[in-house]
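Undergrad: below is the sequence, then the predicted model.
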Amino acid sequence: MNDKFLQMLGLAQRAGVVISGTLACTAALKKGKGSLLVLAGDTEPKAAALYRQMAESKRIPFLTLFSQAALGNAIGKSRRALVVIADPNFARRLQELSLNIGGGPTCPKLESLS
């Protein structure tokens, strides 16, 4: 199942709907421009809490999955602590895939994207 999630994340990157990099993601979260936040599990706890708080304040669902290296590798870049998915369809599919690997309980209800 992990492979399917990471493959879908790579597909989203190729489709141009992944925002990556700390500054770009922070700006997107502050503006509420995002349908899903994916945080790496090994992100520094204070930073992760800040990103989660930003997402929650804009009602953007989030997942905490994988390592920074795995997220970066999936999108063909260096290590990434977080990525924001801009497209609601890709976000919905990634949330569905995450339910099989433990990401579901950490994010608001799937209905929020419907």
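TA: Arrived safely.

Undergrad: pull the residues that contact stretch 73-83.
TA: Residues from elsewhere that reach stretch 73-83, judged by C-beta atoms under 8 Å, 6 or more residues apart in numbering: 6-7, 9-10, 13, 18-22, 25, 37-40, 43-44, 47-48, 51, 66, 68-69, 71-72. For the C-beta atoms, the positions are set from N, CA and C on the backbone; glycine is no exception.

Undergrad: just confirm Leu37 is within a helix.
TA: No: applying DSSP: H, G, I helix; E, B strand; the rest coil, one finds Leu37 to be strand, outside a helix.

Undergrad: and Leu6, what is it in contact with?
TA: Counting by C-beta under 8 Å, 6+ apart, Leu6 has contacts Phe66, Ala70, Asn73, Ala74.

Undergrad: apply 7 Å and report the result again.
TA: Ala70, Ala74 (C-beta atoms under 7 Å, 6 or more residues apart in numbering).

Undergrad: in this structure, which spans are strands?
TA: In the chain, the strands defined using DSSP state E lie at 18-20, 36-39, 62-64, 82-85.

Undergrad: run through who's touching the first one.
TA: Meaning strand 18-20. Ala12, Cys25, Ala28, Gly34, Ile75, Lys77, Arg80, Val83, Val84, Ile85, Ala86.

Undergrad: just for this protein, where's the confidence low?
TA: Within the chain, the stretches with pLDDT under 70 are 1-2, 102-114.

Undergrad: could you list everything the residue positioned nearest the centre of it pairs with in the sheet?
TA: Compute the mean C-alpha point of the chain, and by C-alpha atoms, centre = their mean the closest residue is Val38, 1.8 Å away. Beta-bridge pairing for Val38 (DSSP bridges): Leu63, Val83.

Undergrad: distance of it from Gln7?
TA: Separation of Val38 from Gln7 (C-beta to C-beta, to the nearest Å): 14 Å.

Undergrad: likewise for Asp87?
TA: Separation of Asp87 from Gln7 (C-beta to C-beta): 16 Å.

Undergrad: mind listing the helices for the chain?
TA: Listed from the start of the chain, the chain has helices (DSSP state H) covering 2-14, 22-31, 45-57, 68-74, 88-98.
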